[in-house]
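K.L.:
Can you look at this prediction? I've put the sequence above it.
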Amino acid sequence: MPRARRGRDRLVAACGAYGLTGVITYEIQPRGDICMLRVTHGGLTDDMSAEMWGGWPQIPCGGSGLFAVRSLATTATWELVVGERRPASRLNEVWAVWLLFGTVAVFVFITYWRLPPAVLWKTTNTGFVGGAGRAFVFLSFSAALAAVATLPIVTDRLADRRAAVLAAVAFVLCATVAYPGVQTESHLDPKWSNTFAVVGVAIAFALGVWAARRGRPEPPHTTRAGDRARLIVGVLALFFAAPYIAAELGFFLDGVPVLGSLFITGAIRPEPGAGYSHAAVHHGHHHGMDGFLLVITALLLSRLVGGIRQPVLRAVTAFYLALMLVYGATNQVQDLWTEQIVKRGWTNWEIPNVLHPTASAAWAAMVGVAVLFYFALFRPRGGREEVALTAPRHTPA
């Protein structure tokens, strides 16, 4: 029975318990997540209780306590809030991802605004234009890949056809990041082709806001062991991202206790295959930083995959996150290897660049590892739980 009707019946029953007669009329109006029940009791007489004329101070209801009284101003009309507000679909992990990328975008903007292109990498614009342009390119790459991962989660929470259409549009726009020539390491000034992915990111963000306000509440489906594994991997990725975090902020680790002795950053070293020398870790953004961000994104969003109700969508999302974890870790390791191992002169062998999807042995290896991760850690089994990293949480009916 709808909660509004139950409230009406309880109200009428209460009148009967007091031995009241007359005509009781009611009006139910939707008010967002709740209903407004307006009850008018006609046929009251002057000899009735003053308490009844003044209005009931509270109306009992089942479940979670009392209905809130909206108004007791009129003589024989009571307005009551019927039902309970739906808990917010907080999506904390999604918001953590957006906060992470938003913070890095701000750092990129500030660093490329204040530093000249000579100490950065493959940019020509300066000042405000330089900062805004490089932040724009950043949002069109790793932020777009992360945005794709949020789409199935928020769309499933909304269960709205309009959201599904918007998510499909956002996916197509974000997917343009993989088109040849959109992201070029040798030219990192903004291009018109970057606009599509940035618009896709904006749509994905808007869908997240919508899902947080109107989406189905769903707790994270995880285990303590899974969260411990996430924490360990996240801390390791954060430690090895130290040179890139410093570069993002526009300084070297030279002279920093411990980190300055472990990582070379400001030392001038020959750039492999370029024929000139540069700081070992140039100021500004690195694809190793993109890798770190994608690793953290995969770890965070994997806590929410078990709550996706559509089995196919849940499986596809789980595999995408497994591939994102492998892709992000590989790019972070590849950048570290070049700047911390090759530039020290310890070896001339370089890990192949896997920034862009290609038909190569390196990409085949990454996909193979992602498949293993999917079956071992991410694959949904027996409902909405996931092995090793996630498990169902039982909530009272």
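P.N.:
Received it, and whenever you're ready, just let me know what you need. These numbers come from a predicted model, not from an experiment. Residues are numbered from 1 along each chain as shown.
K.L.:
Which residue lies nearest the spatial centre of the protein?
P.N.:
Nearest to the geometric centre of the chain sits V94, at 1.9 Å (CA atoms, centre = their mean).
K.L.:
and after the helix or strand where that residue lies, which helix or strand comes next?
P.N.:
When elements are assigned from DSSP states H and E, V94 belongs to helix 92-114. For helix 92-114, the following helix or strand on the C-terminal side (DSSP H and E) is helix 127-139.
K.L.:
which helices and strands sit right next to that following helix?
P.N.:
Here helix 127-139 touches helix 92-114, helix 194-214, going by 3 or more CB pairs under 8 Å, 6 or more residues apart in numbering; DSSP states H and E. (Glycine included, C-beta is placed from N, CA and C.)
K.L.:
Counting by contacts, list what the shortest one packs against.
P.N.:
What it means is helix 194-214. Using 3+ CB pairs under 8 Å, 6+ apart: helix 194-214 touches helix 92-114, helix 127-139, helix 142-158, helix 161-175.
K.L.:
can you redo these as CSV with mean pLDDT?
P.N.:
Below are the helices and strands packed on helix 194-214 laid out as CSV (pLDDT from 0 to 100):
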stretch, mean pLDDT
helix 92-114, 97
helix 127-139, 96
helix 142-158, 96
helix 161-175, 97
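K.L.:
I28 - that's part of a helix, no?
P.N.:
No - read with DSSP: H, G, I helix; E, B strand; the rest coil, I28 is strand and lies in no helix.
K.L.:
burial measure for it, as a count.
P.N.:
Using other CB atoms under 10 Å, I28 has 16 other residues around it.
K.L.:
and what of L207?
P.N.:
With other CB under 10 Å as criterion, L207 counts 27.
K.L.:
how far away is the residue lying closest to it once chain neighbours are set aside from L304?
P.N.:
Nearest non-adjacent residue to L207, counting by CB to CB, 6 or more residues apart in numbering: V154, 4.8 Å away. With distances taken as CB to CB, to the nearest Å, V154 is found 9 Å from L304.
K.L.:
Kindly report the same for V137.
P.N.:
From V137 to L304 the distance is 28 Å (CB to CB).
K.L.:
re the thing from before, quick one, which of the helices and strands packed on helix 194-214 is nearest to I308?
P.N.:
Of all these, it is helix 142-158 that lies closest to I308, at 4.6 Å by CB to CB.
K.L.:
could you say what helices and strands the closest one packs with?
P.N.:
Using 3+ CB pairs under 8 Å, 6+ apart, the elements in contact with helix 142-158 are helix 92-114, helix 161-175, helix 194-214, helix 287-301, helix 311-336.
K.L.:
Hmm, the residue nearest to the centre of the chain is touching P152, no?
P.N.:
No - assessed by CB atoms under 8 Å, V94 is found out of contact with P152, at 11.3 Å.
K.L.:
re earlier: mind putting the helices and strands packed on helix 142-158 in a markdown table, distance to S142 included?
P.N.:
As requested, the helices and strands packed on helix 142-158 are exported to a markdown table (distance: least, CB to CB, whole Å):
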| stretch | distance to S142 |
| --- | --- |
| helix 92-114 | 7 |
| helix 161-175 | 11 |
| helix 194-214 | 10 |
| helix 287-301 | 4 |
| helix 311-336 | 8 |
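K.L.:
My read is that A318 contacts Y374, right?
P.N.:
Yes - judged on CB under 8 Å, A318 makes contact with Y374 at a distance of 6.2 Å.
K.L.:
burial count for the residue nearest to L207?
P.N.:
V154: 25 neighbours (other CB under 10 Å).
K.L.:
same question, M324
P.N.:
23.
K.L.:
Run through the residues that contact it.
P.N.:
Contact analysis of M324 by CB atoms under 8 Å, 6 or more residues apart in numbering lists 145-146, 149, 294-295, 297-298.
K.L.:
one step back: which of the helices and strands packed on helix 127-139 sits closest to P257?
P.N.:
helix 92-114 (22.4 Å).
K.L.:
Show me what counts as buried in the closest one.
P.N.:
93-95, 97-98, 100-101, 104-105, 107-109, 111-113 (16 or more other CB atoms under 10 Å).
K.L.:
coming back round to it: ok, so what distance separates the residue nearest to L207 from G328?
P.N.:
In terms of CB to CB, V154 sits 21 Å off from G328.
K.L.:
cool, and L151?
P.N.:
If you go by CB to CB, the gap between L151 and G328 works out to 18 Å.
K.L.:
before we move on, the earlier item: out of the helices and strands packed on helix 142-158, deepest packed?
P.N.:
Of all the helices and strands packed on helix 142-158, helix 287-301 carries the top mean neighbour count, a mean of 25, counting by mean count of other CB atoms under 10 Å.
K.L.:
Now do that helix against helix 127-139, angle only.
P.N.:
50 degrees (axes from the mean of the first three to the mean of the last three CA atoms, to 10 degrees).
K.L.:
Nearest to H221, out of the helices and strands packed on helix 142-158?
P.N.:
So among the helices and strands packed on helix 142-158, helix 311-336 is nearest, using CB to CB, at 10.2 Å.
K.L.:
tell me the mean pLDDT for that closest one?
P.N.:
In this model, helix 311-336 has a mean pLDDT of 96.
K.L.:
And the contacts of the helix or strand that that helix is followed by?
P.N.:
Next along the chain after helix 311-336, taking DSSP H and E as the criterion, comes helix 361-373. With contact meaning CB under 8 Å, 6+ apart, helix 361-373 is reached by 319, 322-323, 325-327, 330, 352, 354, 357.
K.L.:
switch to 10 Å and redo it
P.N.:
If you take CB atoms under 10 Å, 6 or more residues apart in numbering as the criterion, helix 361-373 is touched by 298, 318-327, 329-331, 334, 351-354, 356-358, 360, 378-379, 388-389.
K.L.:
Alpha carbons only: can I get that helix in PDB?
P.N.:
Once non-C-alpha atoms are left out, helix 361-373 reads as follows in PDB (Å, rounded to 0.1, in the frame of the first residue of the first chain):
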ATOM      1  CA  ALA A 361      52.700  -7.200 -28.400                       C
ATOM      2  CA  ALA A 362      52.700  -4.700 -25.500                       C
ATOM      3  CA  TRP A 363      49.000  -4.000 -25.900                       C
ATOM      4  CA  ALA A 364      48.300  -7.700 -26.300                       C
ATOM      5  CA  ALA A 365      50.100  -8.300 -23.000                       C
ATOM      6  CA  MET A 366      48.100  -5.600 -21.300                       C
ATOM      7  CA  VAL A 367      44.800  -7.000 -22.400                       C
ATOM      8  CA  GLY A 368      45.900 -10.500 -21.400                       C
ATOM      9  CA  VAL A 369      46.800  -9.300 -17.900                       C
ATOM     10  CA  ALA A 370      43.500  -7.300 -17.700                       C
ATOM     11  CA  VAL A 371      41.600 -10.500 -18.500                       C
ATOM     12  CA  LEU A 372      43.400 -12.300 -15.700                       C
ATOM     13  CA  PHE A 373      42.600  -9.500 -13.300                       C
END
